[in-house]
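# sequence plus the predicted model coming up.
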2 protein chains.
Amino acid sequence: MSQFDDFPSDETESLLVDYPSMEAAATSYNSRGGSNGATYKNRRQSSDEELLDSVMSGGENLNRSAGFANKDLDPNRSHGSSTLMDTLDDLPPGIGQYEDFHTIDWLRDVARDRTRHRQVVKKKQDGCLQYLQGAHDAWSGWMCVLLVGVFAGALAGFIDIGASWLSDIKEGICRDAFWLNREQCCWSANDTTLDEERCSQWYSWAEMVGIRTSGGGAYIVRYMFYIIWGCMFALTAAMFVRVFAPYACGSGIPEIKTILSGFIIRGYLGKWTLLTKSIGMMLSVAAGLSLGKEGPYVHVACCCGNIFSYLFPKYGSNEAKKREVLSAASAAGVSVAFGAPIGGVLFSLEEVSYYFPLKTLWRSFFCALAAAFVLRAINPFGNDHLVMFYIEYNEPWYPQELVPFMLIGALGGLYGSLFIKLNIKWCRYRKSSVLGKYPIIEVLVVAFVTTLLSFPNPYTRMNTSEMIRMLVSRCGPEDTYDLCDYKRNFTDPKSYMSSTYAGDGVIRALWMLFLALIFKGIITVFTFGMKVPSGLFIPSMAVGAIMGRIIGIGMEQLVVAHRDSPLFKNMCQSECVVTPGLYAMVGAAAALGGVTRMTISLVVIMFELTGGLQYIVPLMLAAMASKWVGDALGRQGIYDAHIRLNGYPYLDNKEEFTHTTIAADVMRPRRNDPPLCVITQESMTLEQIETILKETEHNGFPVVVSLESQYLVGFATRKDLKLAIANARKNIDGVVSDSVVYFTNQIPSGGSGPAPLKLRKILDLAPVTITDQTPMETVVEMFRKLGLRQTLVTVNGRLLGIITKKDVLRHIIQLQNQDPDSILFN
Amino acid sequence: MSQFDDFPSDETESLLVDYPSMEAAATSYNSRGGSNGATYKNRRQSSDEELLDSVMSGGENLNRSAGFANKDLDPNRSHGSSTLMDTLDDLPPGIGQYEDFHTIDWLRDVARDRTRHRQVVKKKQDGCLQYLQGAHDAWSGWMCVLLVGVFAGALAGFIDIGASWLSDIKEGICRDAFWLNREQCCWSANDTTLDEERCSQWYSWAEMVGIRTSGGGAYIVRYMFYIIWGCMFALTAAMFVRVFAPYACGSGIPEIKTILSGFIIRGYLGKWTLLTKSIGMMLSVAAGLSLGKEGPYVHVACCCGNIFSYLFPKYGSNEAKKREVLSAASAAGVSVAFGAPIGGVLFSLEEVSYYFPLKTLWRSFFCALAAAFVLRAINPFGNDHLVMFYIEYNEPWYPQELVPFMLIGALGGLYGSLFIKLNIKWCRYRKSSVLGKYPIIEVLVVAFVTTLLSFPNPYTRMNTSEMIRMLVSRCGPEDTYDLCDYKRNFTDPKSYMSSTYAGDGVIRALWMLFLALIFKGIITVFTFGMKVPSGLFIPSMAVGAIMGRIIGIGMEQLVVAHRDSPLFKNMCQSECVVTPGLYAMVGAAAALGGVTRMTISLVVIMFELTGGLQYIVPLMLAAMASKWVGDALGRQGIYDAHIRLNGYPYLDNKEEFTHTTIAADVMRPRRNDPPLCVITQESMTLEQIETILKETEHNGFPVVVSLESQYLVGFATRKDLKLAIANARKNIDGVVSDSVVYFTNQIPSGGSGPAPLKLRKILDLAPVTITDQTPMETVVEMFRKLGLRQTLVTVNGRLLGIITKKDVLRHIIQLQNQDPDSILFN
């Protein structure tokens, strides 16, 4: 496996997978990437809580048995059973944890948390300290998301400032204070009029090397420095990623979706990944590559979420609960990326999160708001704009304009699906060819090509966010650049409110924009997926905004030229009003929608991004057209496509399962396979069980009444069995290989032979079961909604087989006529 | 049961309930309310589709069996099995429908819809007509929500116009054109300056009866007319509700929550309810009662959703799918109530809907937007304000102000829980006392008291929305009323931007507002729950806005008086800036939050309502404080409290189940009960089954291998059994009472005796089962997430008992130490 391969995408939650090889792969990653250090250390620190938790987890099983004995309803029994729980410290530690690359069991984790919660509530009456502990526990969720929000906001501010400084370094330097970016440099030099390129303290590299004229020589020097700095930044970013945290590459959203759907990828949200990604983002954005830092903010915020969750054992030691914090963190990520707290929450809800209980909604909002608030306090952009691409116009739109808006939407959808197809093809080619072995050289080549081609064109040379802001704006009296070169009556300031004929500058700008569109469209395909931190939001929006602005100017000129046509009469009372900036805004939404297939969150983000609440209908129409056209050409958004490409075990909860297969078609063992490996509840010896554990690699074993009847009793996981047996061998006298292992409540007394081993407490007495006739629709629904790891298949009460999450995924892919092995487990 | 009792709140989904009495109750309601006509007729019209559906539903069972025989994976089998489905027209019609007051089975309904969808997709290749049908099917979801949105918007406009006209009628009439309200009347008379009370065409009732002076006589006449009209309107509204549709009373949101959680209440969303509610809303609002029309809009929109869903059999004949339309409709309801499409979607998501798949999100947004768009086109308020309570100020808030904001939030939470407690107490008293028997007299008395007390106080006399708009606004130069009587320098228009000392008018206004606060606070307790359409949003917001404005003016005066204090120094640079209107806005959010316990949707609705995106932090803080204080004093919001009060079978998906009980504690039969009533798969005769059907009232029967072993085979519902047997008796030769009924796949050949009856196709071969040790947490989770009707309890494969949704509800109530019978099934 290449050191730089995406990650060892096999996964071992299935009962029938090659287990040891996986563990080896995981370990090799641990030692190599180094990104697991944080997580690992934190886990060790919280091992006490883990122990407590695992004890309680076991305690619950006992509690269940206690409940069974006492069938009468007793609301206060939770108090009564406490003695049982307190005496349960003979259970070995580690029960209830997960291995790397495993699927989590939501039902069990949630139940564990409730048991823990009951413990805390009960103890609350014991004393003042316990009361404080209880209060701390109750508030820890809010505390945790507050910390995450504050830290994510601060980090975003830091990254913004760093990226801005590095970006400016490409063009020149502040001679007296190199740590200032151009804006601050000129500001500190009291050059309040920030005209074109002049500012006394800021020296371009041409000036630094001594060329003071602005002729060809200076241009070439600046060009060269631009390329050299760009390649250096890109190289540094790639090296950082390679050396410190391979997980820091890409946008991170596909992986976060997978993690939130209930999968463990240790180190993906660790300290090293956070640091590497933060620095790598600054560098790769500053390099001028066609990528954004908005997507990676989600990853950075989730890293914060993961790290801070370890401060609160309630979240840190319970994978299901931790995912609540991560959902909130991803909302905070989008919130700081765009200054859009509501959009962030909806993004988390619609796009990223898998289980989103309603109480998480409110907490996510709080987290997103805290993050946005901190970022605004840091004020990295040096202005007090509430919104990133604030639009100052308020002109109405006319019904005729809905036609071009819809066209823009459709083009956005088209672009989106084309981009996804090409990008996936290229990524697949990279994986399978020799190219994948030289990621750093690839980054270097792309950076060279990007900087080489983007310098001559002012629209590609400038910061991409800057360009989008320019495109969605209206031309005001102070705007003198080409794009605003209209044939106006300069004496009348009101003439800027209306449309008029374009001058030569606009035509030039259109050509430049067209070239920028082609360039951005193509280079982004090659950029997204490289081994540097890279987001897609801003490049997609840029492509859409360029497209929208071009169509907008076309529409404007059309209306102006035919102002007397009955078609446009209502748009031209005294002056025609067409706002090309609005078209650019609609285009940005359409392209972003086409690439990501977001819906409501897209529209809300666009509102918060531009403040254009009055343009809800155009935005909505374009988003819909984009989504419909995109979906017609290919169902998956870019994140889902990358999930599939990388073979993550993600069970999509948006796509409907529409086939007529039933559980019997999917379950293992298949018809000609050997029968399912089971354990009997009261007839197997310790040695027999140990043999089973040794000879098979299943992650769990159903326990049945007897091998003949196959009536199901419960389910025991491999890990719990191993731990319990090791513990018994060490600590319980008389337990030898010939000891009979009992999973029953009662042990037949008076038997001869060695001391029996009671293992009922590690047995899950309530495994989820279905019948073999259950339609797979229902099974998939159960896996999605209940977050199952596996379900047992029975017929008339007899155990017939097992279906794991992996079996379900494999089945879905098979039904799509794709090769399950090549796709899912490449 | 009183004719006007809330509704027959018993429900029959349990196996162990008194079935016939319920049906009688439902029927008596049908004939009395008359509101079922629409629904019923529509259902008849679509009976063909129902038949098709039910055939397919049965077909699926057979399909499952086919799948069992053919274990190998065959992705194309859905095509192969079509012949099976097409030949299934021997199944009796009606299988798969629900009785009134029953719980729906989501898994089954969703599966039915997918089968139907597969049919449509398959047929699409057969010809042009089928292709069109397929396209129609694919688009029917969008068509349906579009229709619902347009119609809900139009209806809201109609209601707004009607209510506004009726409200003005209380005070006077437009002499030349009685159908105009005051604004239009004055407008048409070209009295463009709408000063105080004067307008040439508008005659107050005092003027109409001939008193042209504005002395005491005129006041008394106007007072009397105010009371008389108010009582008349209230009486008419109550009569309408009583005669045409008892379901039209109240806000409807508790019932809609219950319906969306999977319960059938026929007629609740019918044509008659829609008409009665629309007219009743106008009347009760115009009567001047302390209620709003915003909540009932949700009910009205849901009625539209229900009615239009019958145009699309995909939704009309499938209860689970219909709820998707209803979710979208409730979003449209809030959207038209406040002009808040995004807030509407979030309200539907957070407060109303139970199952909210993500694809519904986008469709709901579309529906909400269409509704808002249509309403805006109708423009019932005669102004072009994008937002209802538009605030024109943009002043910053200061950190010190967070203290009063938090105080307002806490007071809002306090008010909310106090209101809920008192209102529930009063409603319970009404139910249990003689008062409940005279609903019309109650309405009349409340209307009399309301109008009597509200006329003297200008703040209670005016329209409540008008008052809220006034309170959240800033005093401008043109505002001459008491509330804006500050000691200003009138020559300087800029002085209106800042705070200054209050004049006598403000003190008077404060007293008036205080009285209005007391009055509104008390009268609303008695108003909400009466037998007229009544909403809570506006009265709650009014109370909060008054409270906020009072505190705001207090804060303002405090800051102005201590402008040199270090505490307030930063707020007073040259002039102090405190905006009492902002406090009113925060107060409105806090009180509404306290009453409804909404969170994110509340904040978003407040944004859309006021346009104050810059006040996100104060609003958020107040909403949080309100929610926390409210939740500390009582967990339930007003809607949940009314659900509990009325005993609706609603399984709350927000509250966590934290007890340690297990399935064995809850399942029936209990320890000393007779064993569960089961059917065997191949040994019972038709007569035996008919006896069971006759002697028990269970809604379904588990089918087991044999009575001795109790191994579970499947589950058959009473309705399907009855229909199948009746059908067999009529149509199949040789089926007599002695015929053995077989639920097996194979029938032993060569047996003597009468012809056997094969009923495997009505058998659900995949009932959801759990073990007796399953913790109730998990069981509750399964009921919530999978939308179960019942689950069977097994141990080691043997059937032990059954848990229905009602058992779960009863159990939850029992654990809260409340009497299950008195609460749930009063």
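In hand now; what should we look at?

# next, A:Tyr742: phi, psi?
Backbone geometry at A:Tyr742, expressed as degrees, to the nearest 10, gives phi -110, psi 130.

# next, count neighbours for the closest residue to A:Met598 other than its chain neighbours.
Counting by C-beta to C-beta, 6 or more residues apart in numbering or on different chains, A:Met598 lies nearest to A:Glu351, which is 5.7 Å off, once chain neighbours are set aside. C-beta: built from backbone N, CA, C; applies to glycine. Burial of A:Glu351 is recorded as 24 neighbouring residues (other C-beta atoms under 10 Å in any protein chain shown).

# need the contact list for A:Glu351.
By C-beta atoms under 8 Å, 6 or more residues apart in numbering or on different chains, the residues touching A:Glu351 are A:Ile253, A:Lys257, A:Thr596, A:Met598, A:Ser601, A:Tyr639.

# identify the farthest-apart pair in those residues.
Greatest spatial distance among these (C-beta to C-beta): A:Lys257 and A:Ser601, at 13.9 Å.

# tell me the residues of the stretch 551-700 of chain A that contact chain B?
Within the stretch 551-700 of chain A, the residues that sit near chain B (C-beta under 8 Å from any C-beta of the partner chain) are A:599-600, A:603-604, A:611, A:613-614, A:616-617, A:620, A:624, A:627, A:653-654, A:656, A:658-666, A:670-671.

# are any of these buried, and if so which?
Buried members of those, counted by 16 or more other C-beta atoms under 10 Å in any protein chain shown: A:599-600, A:603-604, A:611, A:613, A:616-617, A:620, A:624, A:627, A:653, A:656, A:659-666.

# the residues you listed in helices, which ones?
A:Ile600, A:Val603, A:Val604, A:Ile616, A:Val617, A:Met620, A:Met624, A:Lys627, A:Ala663, A:Ala664, A:Asp665, A:Val666 (DSSP state H).

# surely the last one is in contact with A:Ile813?
Read that as A:Val666. No: with contact taken as C-beta atoms under 8 Å, A:Val666 and A:Ile813 are classed as non-touching, separated by 11.9 Å.

# okay, and the common contacts of the two?
Taking C-beta under 8 Å, 6+ apart as the contact rule, A:Val666 and A:Ile813 touch no residue in common.

# nearest to A:Glu695, of the contacts of A:Glu351?
Nearest to A:Glu695 among these: A:Lys257, at 36.4 Å, using C-beta to C-beta.

# about what we covered before: want to try CSV for the ones in helices among the buried ones among the residues of the stretch 551-700 of chain A next to chain B, with pLDDT as columns?
Supplementary listing: those in CSV, determined by pLDDT from 0 to 100:
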residue, pLDDT
A:Ile600, 86
A:Val603, 88
A:Val604, 87
A:Ile616, 83
A:Val617, 84
A:Met620, 87
A:Met624, 90
A:Lys627, 92
A:Ala663, 90
A:Ala664, 89
A:Asp665, 89
A:Val666, 90
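
# show me what contacts the residue of chain A found nearest chain B?
Proximity of chain A to chain B (C-beta to the nearest C-beta) peaks at A:Gly797, 2.3 Å away. Residues near A:Gly797 by C-beta under 8 Å, 6+ apart: A:Tyr711, A:Leu712, B:Tyr711, B:Leu712, B:Thr794, B:Asn796, B:Gly797, B:Arg798.

# show the buried residues in those.
The neighbour count (16+ other C-beta under 10 Å) marks A:Tyr711, A:Leu712, B:Tyr711, B:Leu712, B:Thr794, B:Asn796, B:Gly797, B:Arg798 as buried among those.

# among those, which lie within strands?
A:Leu712, B:Leu712, B:Thr794, B:Arg798 (DSSP state E).

# tell me the pLDDT at the last one?
What it means is B:Arg798. On the pLDDT scale, B:Arg798 is placed at 88.

# okay, and for chain A, where does confidence drop off?
Within chain A, the stretches with pLDDT under 70 are A:1-97, A:188-198, A:213-214, A:380-387, A:489-497, A:750-752, A:819-826.

# so how far is the helix or strand that contains A:Leu515 off the chain centroid?
When elements are assigned from DSSP states H and E, A:Leu515 belongs to helix A:504-527. Taking C-alpha atoms, centre = their mean, to the nearest Å, one finds the center of helix A:504-527 at 30 Å from the center of the full chain.

# what packs against that helix?
In terms of contacts (3 or more C-beta pairs under 8 Å, 6 or more residues apart in numbering or on different chains; DSSP states H and E), helix A:504-527 is packed against helix A:402-432, helix A:439-454, helix A:458-461, helix A:537-561.

# got a list of contacts for that helix?
Contact with helix A:504-527 is made by A:289-291, A:415, A:419, A:422-423, A:426, A:446, A:449-450, A:453-454, A:457-460, A:467, A:481-486, A:534, A:536, A:539-540, A:542-543, A:546-547, A:549-550, A:553, as judged by C-beta under 8 Å, 6+ apart.

# so what's the residue most central in space within chain A up against?
Central residue of chain A (C-alpha atoms, centre = their mean): A:Ile253, 2.6 Å from the mean position. Applying C-beta under 8 Å, 6+ apart, we find A:Ile253 in contact with A:Gly295, A:Val298, A:His299, A:Glu351, A:Val352, A:Tyr639.

# nearest spatial neighbour of it, skipping sequence neighbours?
In this structure, A:Ile253 finds its nearest non-sequential neighbour in A:Tyr639, 5.1 Å apart by C-beta to C-beta, 6+ apart.

# burial count for A:Thr480?
Other residues near A:Thr480 come to 12 when the count uses other C-beta under 10 Å.

# tell me the secondary structure for it?
Put simply, A:Thr480 is coil when judged by DSSP: H, G, I helix; E, B strand; the rest coil.

# could you check the angle helix A:537-561 makes with the helix or strand where A:Val334 lies?
A:Val334 is located in helix A:319-338, with elements delineated by DSSP H and E. Relative orientation of helix A:319-338 versus helix A:537-561 (axes from the mean of the first three to the mean of the last three C-alpha atoms, to 10 degrees): 40 degrees.
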